[in-house]
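>>> fold the following and give me the result.
(2 chains)
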Amino acid sequence: MTAVASDTWPRRLLAAVGSDDDDLYAVHLDTWGALPDVSGPAIVEAVEGSGLLGRGGAGFPAGRKMRTVAAGANRRPVVVANGAEGEPASGKDALLLGRAPHLVLDGIQLATRAIGADEAHLAVHLGSPVVGVVRAALARRGTADAVRVRVHEIPSRYVASEESALVHFLNGGEAKPTFTPPRPFEQGVGRRPTLVNNVETLAHVGAIARRGAAWFREVGDADEPGTLLVSVSAQEVTRRVAEVPTGTTIGAVADRAGVIRAGIGAVLVGGYFGSWLPAAYAWQLPLTHRAMRSAGAALGAGVIAILPPSSCGVAETARVLGYLATHNAGQCGPCLNGLPAIADAFRRLASGAWDERWWPALERWLAVVPGRGGCRHPDGAVRLASTALSVFAEDIASHRSGRPCHASSAPAWLPAPRPPGGWR
Amino acid sequence: MTMRIRVNPIACEAHGVCAEVLPEWIELDEWGYPILDGEELPAQLLAHARRAAKACPTLAIVLSGE
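Numbering: from 1, shown residues only, chains lettered A, B, ... in the order given. All right, here's what the predicted structure looks like:
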């Protein structure tokens, strides 16, 4: 993973990125200086004023979330930094933690101060290279931090980084989603009110506490300001992480990543819970939650996957659906039964081993499965499948008539790693 | 008082008792799991809904608003 060099887009989160041989703390201090002496209420106010939206996917206002956790607490709250990036096509959290961990660690300290927490956890993937980096970074900071941060290694499963799953894991259980309410902000780690933030969100907090809300708003969309980390995959690049102003169009991001637009038919936006969009439409779309919603899509955690002209959208969707089916938590009937059924139908569609009698069943599953899980896993998978049916309608028609396109036997493109053995 | 009925999908094991007790309101999908989305329950079905919640072997039926 490398960062895209940029002439005009400001580098904030990636302003102080060190390489393997650097003292990452020295690189960080050189750009950002020491942790600022700002009071808890002032941090909440600055984050609220900045308009920062959470960068984990849902896009909830970060300041309001802090205020809610701080206010609801008759018990000391807890901070959980989520760096257990579940999206196989996302590389932003690993880049941030691997190259600029101290801005995230600053953000964790500032968040504990903001909400009055005396306990903090950082969740990363089990066995990931960033585990060593963050442990070394914490050791390098020594006793400078007010609150000790405990590092946890979470199994690399798609749903394990969902916030209730994360909290359940930190409470000693399996990394599987739990029935809500209560939501973690009401009752989370140790039954205490828990602020779960994505590590990119916390890195922004580290910057905002130093530079201020007005500085944050100098860049990006007026209603959803700042910069955003995106992960771009295409024929030319794999999980290329770029820091871009919010509101930048997908086309501009593609150009900057060196992607040749000609011949591209579709773009997957928002990750594996995301939506396929026709490329001509996607190029014009600005990267904001608002614009994505109006396009029937979601920004998610900033994954942009540009389908190579040599790949088949139906086959790629089938593979990702197979991945989502094997990564379900096995807890809820509609997901446990529905996702493999949908994935299997897509696999048959993709390969040409199709029987028209399956079509009504596929349509029924896509209608009956969403909204009926303990988490949003089935909803996301169905969104991916449904948008594939409309965006690749022409291809689907060929596949249904038993004539899969020439690209359906192309090498696999989107990553679909097998799940690990356990949930702990 | 409006009452809502929903299922805890993690606890549900598709015994199907709820649909037997409350067929006017609960339909099962092809795998035997109830299709419910927390909608408001008509007053005349309240007693049946309580019975359905009590009869569920895994106590997965959740009534709220009482």
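>>> would you mark the buried spots in stretch A:304-322?
For stretch A:304-322, a neighbour-count test (16 or more other C-beta atoms under 10 Å in any protein chain shown) marks A:304-308, A:311-322 as buried. C-beta: built from backbone N, CA, C; applies to glycine.
>>> in helices, which of those residues fall?
Judged by DSSP state H, the subset of these located in helices is A:Gly313, A:Val314, A:Ala315, A:Glu316, A:Thr317, A:Ala318, A:Arg319, A:Val320, A:Leu321, A:Gly322.
>>> what parts of chain B come near chain A?
Residues of chain B lying close to chain A by C-beta under 8 Å from any C-beta of the partner chain are B:8-14, B:29-33, B:35, B:37.
>>> contacts for stretch B:4-19?
For stretch B:4-19, contacts defined as C-beta atoms under 8 Å, 6 or more residues apart in numbering or on different chains pick out A:177-179, A:331-335, A:372-374, B:25-28, B:31-34, B:36-41, B:49, B:52-53, B:55-65.
>>> so which of those residues sit within helices?
Of the contacts of stretch B:4-19, the ones assigned to helices by DSSP H are A:Gly333, A:Pro334, A:Cys335, B:Ala49, B:Ala52, B:Ala53, B:Ala55.
>>> and the strands in chain B, which stretches?
B:3-7, B:27-28, B:34-35, B:40-41, B:61-64 (DSSP state E).
>>> least confident of those, on average?
Note on the strands of chain B: strand B:40-41 shows the lowest mean pLDDT, a mean of 86.
>>> from the contacts of stretch B:4-19, list the buried ones, please.
Among the contacts of stretch B:4-19, those buried by neighbour count (16+ other C-beta under 10 Å) are A:177-179, A:331-335, A:372-374, B:25-26, B:28, B:33-34, B:36, B:41, B:49, B:52-53, B:56, B:60-63.
>>> give me the residue from the stretch 101-250 of chain A nearest chain B.
Residue of the stretch 101-250 of chain A nearest chain B, by C-beta to the nearest C-beta: A:Phe179 (4.8 Å).
>>> wait, what's in contact with that residue?
A:Gly374, B:Asn8, B:Pro9, B:Ile10, B:Ala11.
>>> quick check: the residue nearest the centre of chain A vs A:Val151, distance?
The residue lying closest to the centre of chain A (C-alpha atoms, centre = their mean) is A:Ala301, at 3.2 Å. Distance of A:Ala301 to A:Val151, computed by C-beta to C-beta, to the nearest Å: 21 Å.
>>> try A:Glu45
A:Glu45 sits at a distance of 30 Å from A:Val151 (criterion: C-beta to C-beta).
>>> what of A:Arg64?
28 Å.
>>> before we move on, back to that, out of the residues of chain B next to chain A, who's nearest A:Glu163?
Using C-beta to C-beta, the shortest approach to A:Glu163 within the residues of chain B next to chain A belongs to B:Ile10, at 15.4 Å.
>>> which pLDDT value goes with that closest one?
Model confidence at B:Ile10, given as pLDDT, is 94.
>>> okay, now it: neighbour count?
The tally of other residues near B:Ile10 (other C-beta atoms under 10 Å in any protein chain shown) stands at 18.
>>> could you count how many residues lie near A:His406?
When counting by other C-beta under 10 Å, one arrives at 9 neighbours for A:His406.
>>> helix or strand for A:Gly59, which one?
Under the criterion of DSSP states H and E, A:Gly59 resides outside all helices and strands.
>>> verify the stated contact: it with A:Lys65.
No. Counting by C-beta atoms under 8 Å, A:Lys65 is not a contact partner of A:Gly59; they are 11.1 Å apart.
>>> neighbour-wise, which of the two wins?
With other C-beta under 10 Å as the criterion, A:Gly59 and A:Lys65 differ in neighbour count, and A:Lys65 comes out ahead with 23 against 19.
>>> for that one, grab phi and psi.
The phi/psi pair for A:Lys65 (degrees, to the nearest 10) reads phi -60, psi -40.
>>> let me see the contact set for it.
By C-beta under 8 Å, 6+ apart, A:Lys65 lies in contact with A:Gly54, A:Phe185, A:Leu195, A:Asn197.
>>> ok, which of those residues also contact chain B?
Among the contacts of A:Lys65, chain B is touched by none when using C-beta under 8 Å from any C-beta.
>>> so can I have CSV of those showing neighbour count and secondary structure?
Output for those, formatted as CSV (neighbours: other C-beta atoms under 10 Å in any protein chain shown; DSSP: H, G, I helix; E, B strand; the rest coil):
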residue, neighbour count, secondary structure
A:Gly54, 21, coil
A:Phe185, 20, coil
A:Leu195, 26, strand
A:Asn197, 26, strand
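>>> among those residues, which two are most distant?
Comparing all pairs in the contacts of A:Lys65 by C-beta to C-beta, the longest separation belongs to A:Gly54 and A:Phe185, at 11.9 Å.
>>> around the spatially closest residue to B:Arg51 that is not a sequence neighbour, how many other residues sit close by?
Closest residue in space to B:Arg51, ignoring its immediate chain neighbours: B:Val21 at 5.3 Å, by C-beta to C-beta, 6 or more residues apart in numbering or on different chains. Residues near B:Val21, counting by other C-beta under 10 Å, number 20.
>>> what's the answer for A:His327, then?
Using other C-beta under 10 Å, A:His327 has 23 other residues around it.
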